[in-house]
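Chemist: How does the following fold in three dimensions:
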Amino acid sequence: MPKADINKAGWEQSEFPILCETCLGPNPFVRMSKQEFGRSCGTCARPFTVFRWNPGEGARYKTTVICQTCAKVKNICQTCLLDLEYGLPTQVRDTALGVTNDAPTSDINREYYAQNMESKMQDSGNKSGLDITRTSIAGKEMLKQLARTDPYYKRNRAHVCSFFAKGNCTRGDECPYRHEMPAEGSKQEGAQKSIVNRYHGTNDPVAHKILTSYAESQGLAPPADTSITSLFISSLPPFSTETSIRTAIVHSIPSLDPQKIRSIVHVGRSHCAFANFKDRESAELAAMSWAKGLEVDGEKVAIKWGRSRPAKPTGNEGAGPSAVAASS
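Modeler: As a prediction, this is how the structure comes out:
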């Protein structure tokens with residue numbers, strides 16, 4: 001639809017939002033309010049058509065927070081920013097599928113990037129800008145295990161009334177919030193994070209919790225000793241080299257800076273290797289990415305955390321029997 005104002009050429013108009021089944025709610029006759037150019041997109045900053053609705057009785061009103069172009073690029077819901085196919089955060093999906101994030105995060109280039117992606121999808125006829133054709137089977141199996149098959153309408157419930165928690169809410173049944181005491185540790189950290197971080201899959205606490213739990217189920221729970229920053233790789237093919245191992249590691253963790261790898265120690269006779277990282281955060285990221293499996297030179301290898309180094313003896317503890325006898 002052509003726009004009269006040339007300044008609105010890049011703005012987005014739509015007739016219906018892109019939503020997941022959970023955000024839409026169980027009511028088949030949901031009523032929505034529509035406001036053209038009601039707010040700026042939380043990721044590309046372009047004005048877009050905003051929709052607002054109530055998904056059901058006892059639920060809070062919901063609204064769209066990103067434009068449809070950005071939602072199509074990531075194949076996510078415009079409201080909760082979760083993947084439309086698996087219902088998982090983008091960081092979990094991208095980690096499992098090995099998808100790289102090439103979208104700019106600066107204010108200068110992100111609007112230009114969104115416009116280019118919109119025209120690219122229109123020319124190719126692709127409804128989604130996400131390319132997962134080269135992803136591994138293991139990554140897809142991981143997502144199937146983590147995916148929520150049924151809609152989780154409990155997520156739409158109203159927030160707990162803070163006045164009720166303090167014991168001084170006077171609104172009674174007219175209060176739009178829940179009158180129940182909050183459970184310990186029930187604070188939703190993901191809701192406090194910025195939309196940009198959740199969209200690009202960086203520093204998402206909800207995704208980190210899911211990935212950590214899955215890694216623990218695969219025997220890759222982070223050890224209590226935080227000084228351990230190495231992972232042990234075994235069952236390597238006999239023809240593997242240090243270069244091929246490093247290449248497989250870099251390709252398996254697109255979000256990891258290759259400079260974070262301190263060294264790769266390959267023991268050819270034992271068909272194993274140690275991947276040493278510069279910090280614990282990079283090592284945990286590798287463990288979460290390899291929980292679905294790691295392939296080196298076309299074969300699947302086994303992954304375990306490294307062990308802590310034994311403490312160096314001090315004083316007369318390691319001096320031996322002769323030294324102890326002499327001192328006595």
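Chemist: list the contacts for the closest residue to Arg60 other than its chain neighbours?
Modeler: The shortest distance from Arg60 to any non-neighbouring residue, by C-beta to C-beta, 6 or more residues apart in numbering, is to Ala158 (4.4 Å). To be clear about C-beta, it is placed using only N, CA and C from the backbone, and glycine gets the same treatment. By C-beta atoms under 8 Å, 6 or more residues apart in numbering, the contact set of Ala158 is Gly58, Ala59, Arg60, Pro176, Tyr177, Arg178.
Chemist: Next, give phi and psi for the second one.
Modeler: According to degrees, to the nearest 10, the main-chain angles of Ala59 amount to phi -100, psi 160.
Chemist: How about the fifth one?
Modeler: Taking degrees, to the nearest 10, you get phi -100, psi 170 for the backbone angles of Tyr177.
Chemist: sorry, back to before: got a markdown table for the contacts of Ala158, with pLDDT too?
Modeler: Converted to a markdown table, these look like this (pLDDT from 0 to 100):
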| residue | pLDDT |
| --- | --- |
| Gly58 | 81 |
| Ala59 | 87 |
| Arg60 | 88 |
| Pro176 | 81 |
| Tyr177 | 83 |
| Arg178 | 82 |
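Chemist: Just name the closest of these to Met32, please.
Modeler: Ala59 (13.8 Å; C-beta to C-beta).
Chemist: Nearest spatial neighbour of the closest one, chain-adjacent residues omitted?
Modeler: Residue nearest to Ala59 in three dimensions, not counting chain neighbours: Asn156, with 4.0 Å by C-beta to C-beta, 6+ apart.
Chemist: For that neighbour, give me its contacts.
Modeler: Thr22, Cys23, Gly25, Pro55, Gly56, Ala59, Arg60, Lys62.
Chemist: Could you count how many residues lie near the closest residue to the third one other than its chain neighbours?
Modeler: Computed as C-beta to C-beta, 6+ apart, the closest residue to Gly25 that is not its neighbour in sequence is Pro55, at 2.7 Å. The burial metric for Pro55, expressed as a neighbour count using other C-beta atoms under 10 Å, is 23.
Chemist: do the same with Phe48
Modeler: Neighbour tally, Phe48, other C-beta under 10 Å: 28.
Chemist: now do Val296
Modeler: A total of 21 residues lie near Val296 under the criterion other C-beta under 10 Å.
Chemist: List the beta-bridge partners for it.
Modeler: Taking DSSP bridges as the rule, Val296 bridges to Glu299.
Chemist: Double-check it against Ile245; I have them as touching.
Modeler: Yes: judged on C-beta atoms under 8 Å, Val296 makes contact with Ile245 at a distance of 5.8 Å.
Chemist: got any residues that touch both of these two?
Modeler: Shared contacts of Val296 and Ile245, counting by C-beta under 8 Å, 6+ apart, come down to Ile233, Leu236.
Chemist: for Cys77, what are its contacts?
Modeler: For Cys77, the contacting residues are Ile18, Leu19, Cys20, Cys23, Ala71, Leu84, by C-beta under 8 Å, 6+ apart.
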